[in-house]
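K.L.:
whatever this is, show me its structure:
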Amino acid sequence: MLEFLNTIDTKLFLFLNGLNTSFMDPVMWFITKKESWYPLYLIIIGFIIYRYKKRSLIIIPAIVLLIVLADQVSVKLFKEVFERLRPSRVDDLKDVIHLLHGKRGGKYGFVSSHAANSFAAATFLALLFKNRLFTYSIMAWAVIVSYSRIYAGVHYPGDVVCGAILGIVIGIFVTKLREFAEEKLINGQMEIDVPEQNNKKNES
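P.N.:
Numbers count the residues shown, from 1 in each chain. From the prediction side, this is the model:
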């Protein structure tokens, strides 16, 4: 069964990886680099601080936790456990696949950390903002970033799909933690503040 799934995954990878053009190479190279998205991250963080003010003291640490979890879980509990070679590291494939700038990536590829990180962030932000257009846009971004790893020749589709599922689960999990923290810390503080205000009114 596993051999059959691996065969299907390999055939799908070769098909998707083969959809490369000289025009798309620099586009996908830009998309697949983490550094390309730093300005977007800064804009989102700035918007969160502007919009949510006091709540951002919980939201931003939650985002940090989100990325650390997605990145470390994808490596420690998947890549280093399953030890599935990247397609770029398989002898039968490494000379026939399309690589971007000759980059083969690390040794193991299951699951894709790019997919886990991008879908974790997309899920968390979609649940935070609750805006349909933003949700469609951020999920499309996560899909494109994830596909870029197949295009770059360093991940099978299965690596990406499982990484995306992992990211969504982590995104929902951290959202629940954020909501719990907001309820206990922010709402709890508000409940404490109200009686104090009432006491001042009674004293006057």
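
K.L.:
all helices of this structure, in order?
P.N.:
2-17, 24-32, 38-52, 56-74, 80-82, 113-129, 132-151, 157-181, 188-203 (DSSP state H).

K.L.:
in TSV, list these along with mean neighbour count.
P.N.:
In this view, the C-beta of every residue, glycine as well, is placed from N, C-alpha and C. Listed next are the helices of the chain as TSV, based on neighbours: other CB atoms under 10 Å:
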stretch	mean neighbour count
helix 2-17	13
helix 24-32	16
helix 38-52	12
helix 56-74	18
helix 80-82	12
helix 113-129	25
helix 132-151	18
helix 157-181	20
helix 188-203	9
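
K.L.:
closest to Asp92 out of these?
P.N.:
helix 2-17 (9.0 Å; CB to CB).

K.L.:
so which of the helices of the chain is nearest Lys103?
P.N.:
helix 24-32 (9.0 Å).

K.L.:
now the angle between helix 132-151 and the closest one, please.
P.N.:
With axes from the mean of the first three to the mean of the last three CA atoms, to 10 degrees as the basis, helix 24-32 and helix 132-151 are set at 120 degrees to each other.

K.L.:
how far does helix 24-32 sit from its chain's centre?
P.N.:
Centroid separation for helix 24-32 versus its chain: 18 Å, with CA atoms, centre = their mean, to the nearest Å.
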